[in-house]
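Chemist: quick one: sequence and predicted model below, then my questions.
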Number of protein chains: 6
Amino acid sequence: MTTSTSGSSTSGPAPSGPFVSRKLAELSGPAAAAALTADSIIVIPTGAIEHHGAHLPLSTDALLAETYATAAVERGAAEGLDIWILPTLTYTKSDEHHWAPGTVWLSWETLMATLVDIGRSIANTPARKLVFMNGHGGNGAPLQVANRELRRRFGLSTFTMSAGIQRAGSGGADGADELGLGIHAGHGETSLVLHVRPDLVDMSKAERNIPEHIAEMEFIGFNNKPVSFGWMSNDFGPSGVIGDPTGATSEAGAALFEESVTRSLAALHEIDRFSHAVPPRD
Amino acid sequence: MTTSTSGSSTSGPAPSGPFVSRKLAELSGPAAAAALTADSIIVIPTGAIEHHGAHLPLSTDALLAETYATAAVERGAAEGLDIWILPTLTYTKSDEHHWAPGTVWLSWETLMATLVDIGRSIANTPARKLVFMNGHGGNGAPLQVANRELRRRFGLSTFTMSAGIQRAGSGGADGADELGLGIHAGHGETSLVLHVRPDLVDMSKAERNIPEHIAEMEFIGFNNKPVSFGWMSNDFGPSGVIGDPTGATSEAGAALFEESVTRSLAALHEIDRFSHAVPPRD
Amino acid sequence: MTTSTSGSSTSGPAPSGPFVSRKLAELSGPAAAAALTADSIIVIPTGAIEHHGAHLPLSTDALLAETYATAAVERGAAEGLDIWILPTLTYTKSDEHHWAPGTVWLSWETLMATLVDIGRSIANTPARKLVFMNGHGGNGAPLQVANRELRRRFGLSTFTMSAGIQRAGSGGADGADELGLGIHAGHGETSLVLHVRPDLVDMSKAERNIPEHIAEMEFIGFNNKPVSFGWMSNDFGPSGVIGDPTGATSEAGAALFEESVTRSLAALHEIDRFSHAVPPRD
Amino acid sequence: MTTSTSGSSTSGPAPSGPFVSRKLAELSGPAAAAALTADSIIVIPTGAIEHHGAHLPLSTDALLAETYATAAVERGAAEGLDIWILPTLTYTKSDEHHWAPGTVWLSWETLMATLVDIGRSIANTPARKLVFMNGHGGNGAPLQVANRELRRRFGLSTFTMSAGIQRAGSGGADGADELGLGIHAGHGETSLVLHVRPDLVDMSKAERNIPEHIAEMEFIGFNNKPVSFGWMSNDFGPSGVIGDPTGATSEAGAALFEESVTRSLAALHEIDRFSHAVPPRD
Amino acid sequence: MTTSTSGSSTSGPAPSGPFVSRKLAELSGPAAAAALTADSIIVIPTGAIEHHGAHLPLSTDALLAETYATAAVERGAAEGLDIWILPTLTYTKSDEHHWAPGTVWLSWETLMATLVDIGRSIANTPARKLVFMNGHGGNGAPLQVANRELRRRFGLSTFTMSAGIQRAGSGGADGADELGLGIHAGHGETSLVLHVRPDLVDMSKAERNIPEHIAEMEFIGFNNKPVSFGWMSNDFGPSGVIGDPTGATSEAGAALFEESVTRSLAALHEIDRFSHAVPPRD
Amino acid sequence: MTTSTSGSSTSGPAPSGPFVSRKLAELSGPAAAAALTADSIIVIPTGAIEHHGAHLPLSTDALLAETYATAAVERGAAEGLDIWILPTLTYTKSDEHHWAPGTVWLSWETLMATLVDIGRSIANTPARKLVFMNGHGGNGAPLQVANRELRRRFGLSTFTMSAGIQRAGSGGADGADELGLGIHAGHGETSLVLHVRPDLVDMSKAERNIPEHIAEMEFIGFNNKPVSFGWMSNDFGPSGVIGDPTGATSEAGAALFEESVTRSLAALHEIDRFSHAVPPRD
């Protein structure tokens, strides 16, 4: 439920006073309990610590999920959303990069157990809407499973979205020479890190690595084709990159970031209006 | 690897003689071991026993997965594919219908454990390609997790596809009034059962049930929108149907079936050619 | 509770009309909920996909469990039993054949988790009696554990029986030269498959393999002696057979099948009359 | 392998010297490692702490398993068997008595995990034969599962037997009025405790409780009929007894004990001679 | 709640009559249910079967835990405590000695599952206070976890203490040359076994093995320093001893035993008075 | 192994160049693999998100663990230690505060599974020393279990220490009126947050809550007495505080912080010198 965009700090359910923050964990327990209502939206960024080629930091996904989600929550709060962010779930399911030193990965059982425990904890607050803003593709399937598990077991309204929702077909995230396969450490992701933490990127190590035989396939693909397949990131060569980061720029990252935050924010407004109950009919 | 389309029964790795069948479990163990090679494709249909409204049988998903997969494997074998089918995994993850008597569902842990055990078993044969042909949407996420788990742990090449791949945008499966939301017991699924087992359909009980508020959403949706959400099938009313089966016909089912088998078969040919190794370059 | 043997289709709790089937999964969820009562018996055949020597199909146990159980349920229904069958649990605990390519086996944890999930699902219907008709000896112990677990946790009345109960001492299933050790792919089982699916048997590959040292033992044995032992099927030689299938005939299989179905049906009538409550006394 | 019956303490693999004991845990680790060979038999009694009516102690099964096993191991050692006993597994799977205060029970998962851990530990010694001498019927099925699991995973030769094997048909354990249903706290068990620990029996509380309707059944029964069923001990009335302890005597217990130990000892000799390898043929 | 020190056998909640014992499992279920109240204290000794060098038995920890706890419970009962002992949990978490043949160890999962199952069982009695008297240091951390888990899930008041609480700084347990590192099979433990079961000790095999580099550390240590570390007992040499047993004597063991039982008994009296509720204030 | 304190950035194994950071996840995978050696120390702060009374933020433990560990690692690196920090494990085992809205807690199984997965990941790097710097007392026991588990399974040298090691007996962390019981949200912790994030403290809500009956006990206590007990934080009243934060000051926090970091740093130097191998003797 959107609180009044004017004066939300004085009349709405959101907390007021010197310690107000939309970082829920920065509130005390009683303050959090008082601030939250059944309409509150709780956001948890889900990242990863995993190999992203030789040019990007291991923390890329955690960094982007947290940066995106923080921006969306702050803007949402400024626009009157009753929205809160919890600390990033940093270590997640990166088994496709398990071979690469530096990847710190949870098995599917451990990630699911973690998500269930978190859901049980959220269900002990007044809040009933939980949004995972996900920065790592490999978490997508477990998060879908968790969406349903948390709804069935705890009655929560659960949502999963990419931390930065891109405009379908906009091509903003795709590099010109990526054949639509820039899914890991490629043009988009590299541009984004160049935008938010350029000190962590070593463009001298950026190398194109595209599994072109996948691009030629009609059915088998990563996300947008009807046959999914089990892959390890080193199935496509030793670099662990799937994409072409060589043309990435901070400017492209900035544009992508803005577009994505705008769209994510719009999605959060929709989540705010969303109700699981069937709307009344005339 | 496609065996020669002529004479596969006499010169290829496929078994010959009076007991040949592409139902792998109808072979003896030694015959299966002799028939399979590293290029063999093993198909497992994954269905469900779950509530499908008052007009469709509980077995709808298992029935369709098995019928689709059997047709695709038989045609594929006739076209020279080194392809085999194992018995349908009948009971799977139907937690979104847990409320409805007659649904027999596995938890995510149990389904995943089952898939891991099956993968371990397949890895003890010469075959290295495993395809899940899935008839129940709720299995999609766990099967993606299993794809990766079986590749990492057992070195299998794993694939998941809808048992019947539909032509994107063809609309063949969608009823005119479904708003693209006919995902469960709707026009397409009902037409298909009318085609393959009309005795199991009671069209007098068919009722339209569309969560129209979902159709109006820009971001939140079932499959084709950027925000997924956790739902139980009775979140949208007591019928458990999500779609409009009222206009379903056997003819529409027949057309959908043919189109889908044709496309699934093409996908299986692509899987036959697929290699996880990076192709050699000039 | 046995429904009236005359007119059960018009006056009893069993469903009537064009879609009636005793295959419960062929009913819709609401039809199943309406058809079942606290006295209904639900039967689940439990088979296996496992090595059965070079002459029998991998599916032998699943095939026989399903064939036996279907016959018993159909005859039981014709005799007025309020009895229903669910799809066969095809993949089960075949760890003793894990070494043989083609065996697809679940660990004990996975099988138990599956049985618990199924029990939870059955408990959500009006039915309270659940019968496992088992075609694979290796499932016997886990099914006994499940019998108790499902009763304790879900209040079900649970039963486990061999899919085809043989007459004690009748010798119908034993080959003359089996020394009572024809427990796997031997005379009885081979004869049964010759009866129900002769196209799946290759008698030219049938070989006698009897661990005669076991027969000579006074205490240690497979089932009928006081000391059980942990064995893998290849502990007794590479064939994986434990028995003598060489004299198996379709006629012996037909006789064995009839006798066993007759006895299983009698057992199901007893289950129908069974009550966990202590009967009243005069 | 039976060591020489004369002089086993000086020439065989068994340890000698002042600290020799057949209680393996009374040896030091190095002494145990030196004493054990691949032919050594390790015995673990498995009992239970569970309700046994108002007249018998909660420890009945643990007491009897330990007493029986100790007697058999001591006599076996005296007869030259290379046999050792480990401490009793006291808490086991007593879920059928979970309702009764004083029962301390493990779930099937916990018991199985315990048995697997024990098997892993035994496999780290030179010994390869492990015998569970079981005093509680409810452990029978899990122990059969463990027999196989420990053989598959750790290569052990595993055996499970009743702690006191009774002569089939001898009737020694059955009370005259038990209808063959004296399976828990009945004539046999009560007589045995009267023999070994009469101070723990309160015969003034002994009451007959026989589920006579079970006796009348042709198929359904506890152990000796073809249909097993899931039961809780209070399904047959509030006493938790299944049997008739009222005529139990110390003399009957003594006779039963002697007969059973004699038979168990004979079984252990057979285990000593047992080899999983197929014996050579002429 | 302490019962009257005079006449507790006639007027208090403790049972009376010929079968009274403070070994709870020696009572019948109904007698245990009648004897226990919400103030009853239930003690479970937790030992281990693990390598203790070449001079001490594998059962050292189980033996000492049981001996200590039995003495404390008997004396406590004589002093009027409403206190009971259950059988020793013999096999526990000895993973630090997993390398040594003869160690029989449970994984942390198995031990925790066992403790949870035991807690659930205790919670089905009237008693609400559960004390683990622990003889093996490696169980300390899991028992702390269990303390909390059993309180949260079952509402029990849970306590963990060393089976024999030593006087801080008394040095009674430390050998002169142990540098405070006699934590396993050293002076104290060896003296204690010499006291309670001298037949199980082979002093000719006793050897000093002290990781002197640990003693020199300021921060890293076994128990009494701020940095704990993960160690296997063979990290400190092949003997598996951590301490100096060479000077152990039965007399030192007797003195240590008496002091420790006295202190443990005082602790049990404090547990008797303990209430989780905040005491009333003036 | 301490690298040269002068010039560690140019000659030692530590990485050099523009992307060097001691935040390991800020390096790329290949850079991390190149930077780490068998002597490298990897630090993981372990915090909690849990109720800390009405005056401190939910994130207190995560905040302090991260702040402490970051300071120690930065100073250690400046002093030449080959030391690295990974992201904070934010959500951990806070079951004692499960009742309080805002606590986000993992079960012991989930935390242990997480720690095992992290250990497996670290073992895939060249580093062999792993240090948990822990900010939440409730993690102490599971971390001890993990210390051992990771050493046994992955061969790591593992350590657990308080994120800020206090000087024993210094009293710096204890408030004058805390009776030594200021273990949660009391004087020390509150002072520390006042030092590092004063904006997150609301001293107007600070209230003293001391379970004085615990202070009076001789044996039972939180950490420094021989009997541990299972407690929930609301066992001591509704505030969830255990301590007296009312006198906390930023100055006290600053002093405590400096002292603790100094001592933690000294401990890390000791860990750097530590070897599991027994040192050579003369």
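Modeler: Received it, and whenever you're ready, just let me know what you need.

Chemist: flag every residue of the stretch 151-282 of chain A that's near chain B.
Modeler: Counting by Cβ under 8 Å from any Cβ of the partner chain, the stretch 151-282 of chain A comes close to chain B at A:151-152, A:156-162, A:165, A:168, A:211-213, A:217-220, A:226-232, A:235-237, A:263, A:266-267, A:270-271, A:274-279. To be clear about C-beta, it is placed using only N, CA and C from the backbone, and glycine gets the same treatment.

Chemist: are any of those residues buried, and which?
Modeler: A:151-152, A:156-162, A:165, A:211, A:213, A:217, A:219-220, A:226-232, A:235-236, A:263, A:267, A:270-271, A:274, A:276 (16 or more other Cβ atoms under 10 Å in any protein chain shown).

Chemist: quick one, strands of the stretch 51-200 of chain A?
Modeler: Ranges of strands within the stretch 51-200 of chain A are A:83-85, A:129-134, A:157-162, based on DSSP state E, counting those that start in this stretch.

Chemist: pipe the ones you listed into JSON lines and attach distance to chain E and mean pLDDT per row.
Modeler: Formatted as JSON lines, the strands of the stretch 51-200 of chain A follow (distance: least, Cβ to the nearest Cβ, whole Å; pLDDT from 0 to 100):
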{"stretch": "strand A:83-85", "distance to chain E": "26", "mean pLDDT": "98"}
{"stretch": "strand A:129-134", "distance to chain E": "23", "mean pLDDT": "98"}
{"stretch": "strand A:157-162", "distance to chain E": "25", "mean pLDDT": "97"}
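
Chemist: and those: which comes nearest B:Ser59?
Modeler: strand A:157-162 (29.1 Å; Cβ to Cβ).

Chemist: pLDDT wise, what is A:Arg208 at?
Modeler: Note on A:Arg208: pLDDT of 96.

Chemist: now swap in A:Leu179 and tell me
Modeler: Value for A:Leu179, per-residue pLDDT: 88.

Chemist: thought it was touching A:Ile210?
Modeler: Yes. When contacts are counted by Cβ atoms under 8 Å, A:Leu179 is listed as touching A:Ile210 (5.9 Å).

Chemist: between those two, which one's more packed in?
Modeler: A:Ile210 (21 against 16; other Cβ atoms under 10 Å in any protein chain shown).

Chemist: need the residue closest to the centroid of chain A.
Modeler: A:Asn134 (2.2 Å; Cα atoms, centre = their mean).

Chemist: just checking, it touches A:Thr160?
Modeler: Yes. Between A:Asn134 and A:Thr160 there is a contact under Cβ under 8 Å: 6.1 Å.

Chemist: overlap of the contact sets of those two?
Modeler: Taking Cβ atoms under 8 Å, 6 or more residues apart in numbering or on different chains as the criterion, A:Asn134 and A:Thr160 both touch A:Gly140, A:Leu143.

Chemist: which helix or strand in chain A has the lowest average pLDDT?
Modeler: Here the helix or strand of chain A ranked lowest by mean pLDDT, DSSP states H and E is helix A:8-11, holding a mean of 35.

Chemist: ok now the helix or strand following that helix, how far from the chain's centre?
Modeler: Once the chain leaves helix A:8-11, the next helix or strand it forms, by DSSP states H and E, is helix A:29-35. A distance of 26 Å separates the centroid of the chain from that of helix A:29-35, by Cα atoms, centre = their mean, to the nearest Å.

Chemist: pLDDT on helix A:29-35, on average?
Modeler: 98.

Chemist: ok, now stretch A:213-230?
Modeler: 92.

Chemist: ends of it, how far apart?
Modeler: Chord length of stretch A:213-230, first to last residue, is 15 Å (Cα to Cα, to the nearest Å).

Chemist: list of residues touching stretch A:250-257?
Modeler: A:67-68, A:71, A:164, A:166, A:172-173, A:187-188, A:190-196, A:198.

Chemist: what helix or strand does the spatially closest residue to A:His195 that is not a sequence neighbour sit in?
Modeler: Spatially, and ignoring its direct neighbours in sequence, A:His195 is nearest to A:Gly253 (3.1 Å; Cβ to Cβ, 6 or more residues apart in numbering or on different chains). Using DSSP H and E, A:Gly253 maps to helix A:250-273.

Chemist: in that helix, what counts as buried?
Modeler: A:250, A:252-253, A:256-257, A:259-265, A:267-272.

Chemist: any idea how far it is from the chain center?
Modeler: Distance, centroid of helix A:250-273 to centroid of chain: 11 Å (Cα atoms, centre = their mean).

Chemist: same deal with stretch A:212-223?
Modeler: For stretch A:212-223, the distance to the chain centre is 25 Å (Cα atoms, centre = their mean).

Chemist: got a list of what the closest residue to chain D within chain A touches?
Modeler: Chain D sits closest to A:Glu109 of chain A, with a gap of 14.8 Å, by Cβ to the nearest Cβ. Neighbouring residues of A:Glu109 by Cβ under 8 Å, 6+ apart: B:Glu109, B:Met112, F:Ala113.

Chemist: which residues does the residue nearest to the centre of chain A bridge with?
Modeler: A:Thr46, A:Ser162 (DSSP bridges).

Chemist: any idea how far it is from A:Asn147?
Modeler: A:Asn134 sits 11 Å away from A:Asn147, taking Cβ to Cβ, to the nearest Å as the criterion.

Chemist: mutual contacts of those two, please.
Modeler: A:Thr160.

Chemist: out of everything not next to it in sequence, what's closest to A:Gly175?
Modeler: A:His187 (2.9 Å).

Chemist: I figured that neighbour hits A:Gly180, correct?
Modeler: No. Counting by Cβ under 8 Å, A:His187 stays clear of A:Gly180, with 11.0 Å between them.

Chemist: neighbour count for those two, which is higher?
Modeler: Legend: neighbour count by other Cβ under 10 Å for A:His187 and A:Gly180, higher for A:His187 (27 against 17).

Chemist: pLDDT at that one, what is it?
Modeler: 95.

Chemist: who's in contact with it?
Modeler: Shown here is A:His187, whose contacts under the criterion Cβ under 8 Å, 6+ apart are A:Ala173, A:Asp174, A:Gly175, A:Glu178, A:Gly243, A:Asp244, A:Pro245, A:Gly247, A:Ala248, A:Ala252.

Chemist: hmm, 10 Å instead?
Modeler: If a contact means Cβ atoms under 10 Å, 6 or more residues apart in numbering or on different chains, then A:His187 has A:172-178, A:206, A:208, A:243-249, A:252-253, A:256 as its contacts.

Chemist: which of the residues you listed are buried?
Modeler: Using 16+ other Cβ under 10 Å, the buried ones in those are A:172-175, A:178, A:206, A:208, A:243-245, A:247-248, A:252-253, A:256.

Chemist: hmm, back to that, which residues are in contact with both of A:Leu179 and A:Ile210?
Modeler: A:Gly243, A:Asp244.

Chemist: now A:Val193, nearest residue through space, not along the chain?
Modeler: A:Val201 (5.3 Å).

Chemist: burial measure for the one you found, as a count.
Modeler: 28.
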